[in-house]
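*Asks:* need coordinates for the below:
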Amino acid sequence: MSKSLHGCIAEICGKDIENIEQKAAISKVAGWANRFVGGTSKKGLYLFGQSFFGKTTCLTALKMASLFFANMRIIECNTLYYEVQAKGRSIDDVLNYDFIAFDDFGAEPLTLFGQPFMQSIILSHYSKKKPFIITSNLPPFEVDGKNLIVENYGNRVFNRLVTDCDFVRFGEAGEVKTIIPTIL
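*Replies:* Residues are numbered from 1 along each chain as shown. So this is what the prediction gives:
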């Protein structure tokens, strides 16, 4: 199963797979998907790294490659914020899915509404034991003495991500001083 899922994801990603780091990341995502579908892991997934290294492409490929993930809702954090803030929809209405993927976590406005909003969503999914996938440019560790997830969302959100997600790095993430979570 691992080879076929990996092959499907790699084929869908196609020419976007440009380097060995992307190939390794895709392989790790396929391995996570096999463990998740097989019931040996119920952790979510946090894909991180620089822009344009294929995180969103890999997420879309995962949805297309596996019937298990076919009904997953992929939503950009900015879009989610807009649907609730501007359109007046309830969070429960927008997120009424068993499996959600938050794309570009950290790109939504960090206003008095945006930051608590994303905190509430992550903590709610965690408490309901609903898995999620996150793509982000924010690394889950300190860079230059700062952890941007902790600074922007607080320790509770960071701890939930560390507890409830496997981490896969796409591309080079720069100098790493402290790694707290285990990165696949």
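*Asks:* hey, let's count contacts and neighbours off CA atoms from now on
*Replies:* Fine.
*Asks:* okay, and N152 sits in which element?
*Replies:* helix 148-153 (DSSP states H and E).
*Asks:* how about that helix: buried residues?
*Replies:* Buried residues in helix 148-153, counted by 16 or more other C-alpha atoms under 10 Å: L148, I149, V150, Y153.
*Asks:* what's the closest non-adjacent residue to the first one?
*Replies:* Spelled out, it's L148. L138 (6.5 Å; C-alpha to C-alpha, 6 or more residues apart in numbering).
*Asks:* the one you found against Y46, yeah?
*Replies:* No: using C-alpha atoms under 8 Å, L138 is not in contact with Y46; the gap is 10.0 Å.
*Asks:* so if I had to pick from the two, which one is more boxed in?
*Replies:* The neighbour comparison of L138 against Y46 (other C-alpha atoms under 10 Å) goes to Y46, with 27 against 21.
*Asks:* in what helix or strand does that one lie?
*Replies:* strand 44-49.
*Asks:* that strand: what's the following helix or strand?
*Replies:* Downstream of strand 44-49, the next assigned helix or strand under DSSP H and E is helix 55-65.
*Asks:* let me see the mean pLDDT of that following helix.
*Replies:* The predicted model assigns helix 55-65 a mean pLDDT of 87.
*Asks:* could you give me the buried positions within that helix?
*Replies:* Going by neighbour count (16+ other C-alpha under 10 Å), the buried part of helix 55-65 is K55, T56, T57, C58, L59, T60, A61, L62, K63, M64, A65.
*Asks:* make JSON lines from these and add distance to D166 to it.
*Replies:* JSON lines is the format used below for the buried residues of helix 55-65 (distance: C-alpha to C-alpha, whole Å):
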{"residue": "K55", "distance to D166": "14"}
{"residue": "T56", "distance to D166": "16"}
{"residue": "T57", "distance to D166": "18"}
{"residue": "C58", "distance to D166": "15"}
{"residue": "L59", "distance to D166": "14"}
{"residue": "T60", "distance to D166": "18"}
{"residue": "A61", "distance to D166": "18"}
{"residue": "L62", "distance to D166": "15"}
{"residue": "K63", "distance to D166": "18"}
{"residue": "M64", "distance to D166": "21"}
{"residue": "A65", "distance to D166": "20"}
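*Asks:* one step back: send the alpha carbons of the helix holding N152 over as PDB?
*Replies:* Provided in PDB are the C-alpha atoms of helix 148-153 (Å, rounded to 0.1, in the frame of the first residue of the first chain):
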ATOM      1  CA  LEU A 148       6.700  32.000  15.900                       C
ATOM      2  CA  ILE A 149       3.900  29.600  16.700                       C
ATOM      3  CA  VAL A 150       4.300  30.300  20.400                       C
ATOM      4  CA  GLU A 151       4.600  34.000  19.800                       C
ATOM      5  CA  ASN A 152       1.500  34.200  17.600                       C
ATOM      6  CA  TYR A 153      -0.800  31.500  19.100                       C
END
